[in-house]
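Peer 1: The following block contains a protein sequence and its predicted model.
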Amino acid sequence: MDHASPVAVVTGADSGIGRATAVRLAREGMDVGITWHTDEEGARHTAEEVRSHGRRAAVARMDLTDLPGAARAVDDLARELGRIDVLVNNAGTGTATPFLDIPYETVRDVLDVDLAGPFLCSQYAARRMIDQGGGGRIVNVTSVHEHQPRVGAAPYCAAKGGLGLLTQVLALELAEHGITVNAVAPGEIATPMTGQEDQDVREERRPGIPLGRPGDAREVAAVIAFLAGADASYVTGASWSVDGGMLRMGPQAGSHLEKDDWRRP
């Protein structure tokens with residue numbers, strides 16, 4: 001990525017972690033392709049923020065429940081911006097439904113958006129990276145539930161666990177082309193998906209998380225930006241937890257403990 005204008009595509013960049021990532025990569029000197037599913041206005045706002053940093057932005061709708069065609073948006077954005085050097089598979093969905101009550105349609109949608117979609121998007125990106133030469137970066141946004149389960153999130157956990165192993169396979173297969181592939185596994189982050197958009201995380205108390213609060217989307221974006229940049233050139237096949245220590249407690253305990261008693265022996 002030694003040319004003048006590297007290009008990143010960030011899926012689900014209309015809000016939350018996706019928006020924070022798109023803006024951070026623009027600050028790092030990248031032009032950014034932005035996808036959205038239902039919030040076109042949010043995607044346009046992200047594009048305006050990218051352009052405010054002097055970078056180009058392109059926007060495309062992508063509904064990953066409509067596969068395989070939807071993943072072609074990655075290729076379309078790469079064509080519009082002239083190339084692709086970084087893909088961030090951020091678009092995601094989930095459910096909070098007991099296993100015995102989940103309809104098949106919900107399971108299928110979650111697996112498509114969280115696993116099959118990133119698989120196909122990565123194919124489009126990797127093929128282009130190989131054709132243009134010079135390597136590239138793929139960063140998959142998984143979850144702490146890539147590593148540990150949560151009650152009521154069976155398809156989500158299955159998909160994120162699968163995406164974590166897919167990350168490792170792609171790291172092996174694409175290494176010869178100079179393409180690194182890593183995962184970022186957020187814990188509780190203040191985003192629309194968790195009902196905490198635009199909240200000051202310093203004012204939220206989470207006794208069951210060692211750092212005592214949720215994370216800010218920009219804190220996740222900073223790790224993604226590192227993995228997308230030159231300083232992470234020897235990092236591949238890894239999963240980076242951004243969770244305030246939640247995995248040390250277990251995500252189930254981390255979100256349900258109401259007191260700090262665990263801090264004392």
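Peer 2: Alright, I've got the coordinates.

Peer 1: what about the chain, any weak spots by pLDDT?
Peer 2: Along the chain, the parts satisfying pLDDT under 70 run over 1-4, 191-199, 265.

Peer 1: can you tell me which strand in it is longest?
Peer 2: Secondary structure of the chain read by DSSP state E shows that its longest strand is strand 179-186.

Peer 1: Counting by contacts, list what that strand packs against.
Peer 2: Contacts defined by 3 or more Cβ pairs under 8 Å, 6 or more residues apart in numbering; DSSP states H and E place strand 179-186 against helix 117-132, strand 136-141, helix 154-174, helix 217-228, strand 239-242. Just so you know, the C-beta spots here come from the backbone N, C-alpha and C atoms, and that holds for glycine as well.

Peer 1: JSON lines please, covering those and showing mean neighbour count and distance to Q252.
Peer 2: Converted to JSON lines, the helices and strands packed on strand 179-186 look like this (neighbours: other Cβ atoms under 10 Å; distance: least, Cβ to Cβ, whole Å):
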{"stretch": "helix 117-132", "mean neighbour count": "20", "distance to Q252": "25"}
{"stretch": "strand 136-141", "mean neighbour count": "28", "distance to Q252": "21"}
{"stretch": "helix 154-174", "mean neighbour count": "20", "distance to Q252": "11"}
{"stretch": "helix 217-228", "mean neighbour count": "22", "distance to Q252": "21"}
{"stretch": "strand 239-242", "mean neighbour count": "19", "distance to Q252": "16"}
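
Peer 1: and of those, who's closest to A70?
Peer 2: Nearest to A70 among those is helix 117-132 (7.1 Å), distances taken as Cβ to Cβ.

Peer 1: quick revisit: and the angle from the longest strand of the chain to helix 154-174?
Peer 2: 160 degrees (axes from the mean of the first three to the mean of the last three Cα atoms, to 10 degrees).

Peer 1: Check the offset of strand 179-186 from the chain's centre.
Peer 2: Distance of strand 179-186 from the chain centroid (Cα atoms, centre = their mean, to the nearest Å) equals 9 Å.

Peer 1: and after it, which helix or strand comes next?
Peer 2: Moving toward the C-terminus from strand 179-186, the next helix or strand (DSSP states H and E) is strand 189-190.

Peer 1: Output the helices and strands packed on strand 179-186 as a markdown table; include the columns distance to T93.
Peer 2: Formatted as a markdown table, the helices and strands packed on strand 179-186 follow (distance: least, Cβ to Cβ, whole Å):
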| stretch | distance to T93 |
| --- | --- |
| helix 117-132 | 10 |
| strand 136-141 | 12 |
| helix 154-174 | 8 |
| helix 217-228 | 17 |
| strand 239-242 | 19 |
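
Peer 1: What about R263, how many residues nearby?
Peer 2: By other Cβ atoms under 10 Å, 9 other residues sit near R263.

Peer 1: Quickly note the distance from it to Q148.
Peer 2: As judged by Cβ to Cβ, to the nearest Å, R263 and Q148 stand 21 Å apart.

Peer 1: One more: G245?
Peer 2: Distance, G245 to Q148, using Cβ to Cβ: 13 Å.

Peer 1: Neighbour count: these two, which is higher?
Peer 2: Q148 (17 against 14).

Peer 1: Is that one in a helix, a strand, or coil?
Peer 2: Three-state assignment for Q148 (DSSP: H, G, I helix; E, B strand; the rest coil): coil.

Peer 1: Can you tell me how far it is from Y156?
Peer 2: Counting by Cβ to Cβ, the gap from Q148 to Y156 is 12 Å.
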